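1. Fold the following, please.
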Amino acid sequence: AHDFDNALALYDSITQKYDGSPKDFDFDQIYKRKIAYFARIQRNPKAAIANLKADAANSKLPKNVKKNLKDWIHYFESWSEEGAKDPAKLSNENFLAYAKAETDKNTSGRKISIADPAIVNLLRVSGLLYERVFKTPNVTSTPEMLYLLAKCERDLSPIQKYSLADIYLRECVLEFPKSSIAKKCFKDYEISLKQKVTFDSDYIKGNIDFLRRHMENSAN
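-> Residues are numbered from 1 along each chain as shown. So this is what the prediction gives:
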């Protein structure tokens with residue numbers, strides 16, 4: 001899960017040496033991890049471009065993979081052309097405006113797929129939000145950043161083993177019950193839990209009631 005360098009070397013070996021034979025390679029899973037590594041963890045568009053172009057040089061890759069590679073490279077190239085305009089260097093207020101605009105543009109409540117070109121931008125902004133929230137956990141903008149992070153996680157859930165959306169929504173309500181965004185976080189958390197049909201109904205009700213009481217008590 002966290003041995004990124006060795007994992008990347010393994011994925012590169014599979015994609016760049018693929019000979020077109022009908023082997024059972026799950027290219028979607030490989031690229032879920034490669035794109036997430038470059039866009040969300042490393043946030044290095046130039047390294048991503050070099051790596052993906054090396055993959056694209058293999059003419060025997062499946063057609064859908066080659067098309068996706070072209071789209072991903074385009075998005076990373078656009079990112080690399082930003083130069084010094086790194087949103088990670090923005091003030092909390094300006095960063096929040098950037099994150100909100102990017103999240104609104106790249107999320108729609110849909111479950112994003114690895115083939116969606118917007119995945120690069122969404123992974124990028126989610127990584128930036130995560131870093132900002134945990135580096136400056138108690139600033140005025142933190143509640144809304146938690147909400148935006150939950151929105152990103154919700155749409156990215158198909159390409160991740162575990163979605164942390166509910167955790168961020170719950171954290172927003174627990175830590176910032178008086179904030180203007182807490183009600184939105186609670187509402188989304190309640191909807192999300194009620195959709196989890198495999199969960200115990202008493203567990204769901206107990207969690208929702210606990211957060212509701214926590215907000216009410218904080219208001220008094």
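
2. C-alpha from now on. contacts and neighbour counts both.
-> Will do.

3. other SSEs contacting the host helix or strand of Leu148?
-> Assigned by DSSP states H and E, Leu148 belongs to helix 142-156. In terms of contacts (3 or more CA pairs under 8 Å, 6 or more residues apart in numbering; DSSP states H and E), helix 142-156 is packed against helix 92-106, helix 119-135, helix 165-175.

4. Just send the ones you listed back as CSV, with distance to Lys187, mean neighbour count and mean pLDDT too.
-> Converted to CSV, those look like this (distance: least, CA to CA, whole Å; neighbours: other CA atoms under 10 Å; pLDDT from 0 to 100):
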stretch, distance to Lys187, mean neighbour count, mean pLDDT
helix 92-106, 18, 16, 90
helix 119-135, 21, 20, 90
helix 165-175, 9, 21, 94
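
5. For Asp5, which of the ones you listed is the nearest?
-> helix 119-135 (18.2 Å; CA to CA).

6. what residues does that closest one touch?
-> Identification of contacts with helix 119-135 by CA atoms under 8 Å, 6 or more residues apart in numbering yields 35-36, 39-41, 43, 72, 75-76, 88, 99, 102-103, 106-107, 112-113, 142, 145-146, 148-149, 152-153, 156.

7. Give me the buried entries from those residues.
-> 35-36, 39-41, 43, 72, 75-76, 99, 102-103, 106-107, 112-113, 142, 145-146, 148-149, 152-153, 156 (16 or more other CA atoms under 10 Å).

8. measure Ile30 to Cys172 for me?
-> Distance from Ile30 to Cys172, counting by CA to CA, to the nearest Å: 33 Å.

9. Tell me the spacing between Asn217 and Leu211.
-> Noted for Asn217: a distance of 10 Å to Leu211, by CA to CA.

10. One more: Ser157?
-> 24 Å.

11. CA-only coordinates of the helix holding Leu148 in CSV, if you can.
-> Extracted in CSV, the C-alpha atoms of helix 142-156 (Å, rounded to 0.1, in the frame of the first residue of the first chain):
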residue,chain,number,x,y,z
THR,A,142,-10.8,23.7,7.7
PRO,A,143,-14.5,22.7,8.0
GLU,A,144,-15.2,23.5,4.3
MET,A,145,-11.9,21.9,3.2
LEU,A,146,-13.1,18.7,5.0
TYR,A,147,-16.4,18.9,3.2
LEU,A,148,-14.6,19.4,-0.2
LEU,A,149,-12.3,16.5,0.6
ALA,A,150,-15.3,14.3,1.3
LYS,A,151,-16.8,15.3,-2.1
CYS,A,152,-13.6,14.3,-3.8
GLU,A,153,-13.4,11.0,-2.0
ARG,A,154,-17.0,10.2,-2.9
ASP,A,155,-16.4,10.6,-6.6
LEU,A,156,-13.1,8.8,-6.4
